[in-house]
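**Student:** Using only what follows, build the 3D model:
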Amino acid sequence: MLEEYNVRQGVMTLYCDNMSVISISKNSVQHSRTKHIDIRHHFIRELVEDKVNTLEHVNTDKQLADIFTKALDTAQFESLRSSLGICVIDK
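**Tutor:** This next block holds a predicted model:
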């Protein structure tokens, strides 16, 4: 759809903290242990094969998406919040 608006985009990098998922996305051979995986994961593997997306490893404590999806302790929340560039202004 972006191409219809003349927007060119390179390879999109998705940061993932699960090394197994990254390995499955790079291995085009489907093993008996991976046949239960949801269709959306096969879709991501196809995008990686077509060089539309890449998956890169990020340590769990640096996974920015966790601030939106998990209950975090105060230290981890504040660390991720500062990584996003969000600051607290005391009044």
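**Student:** C-alpha from now on. contacts and neighbour counts both.
**Tutor:** Fine.
**Student:** For my notes, confirm Thr13 occurs in a strand.
**Tutor:** Yes: when DSSP: H, G, I helix; E, B strand; the rest coil is applied, Thr13 is found to be in a strand.
**Student:** Who are the contact partners of it?
**Tutor:** Under the criterion of Cα atoms under 8 Å, 6 or more residues apart in numbering, the contact partners of Thr13 comprise Asn53, Thr54, Leu55, Glu56.
**Student:** and the gap between the last one and Glu4?
**Tutor:** Spelled out, it's Glu56. Taking Cα to Cα, to the nearest Å as the measure, Glu56 falls 28 Å from Glu4.
**Student:** can you count the residues close to Ser25?
**Tutor:** Applying other Cα atoms under 10 Å, we find 21 other residues in the vicinity of Ser25.
**Student:** That one against Val48, yeah?
**Tutor:** Yes: taking Cα atoms under 8 Å as the definition, Ser25 is a contact partner of Val48 at 6.7 Å.
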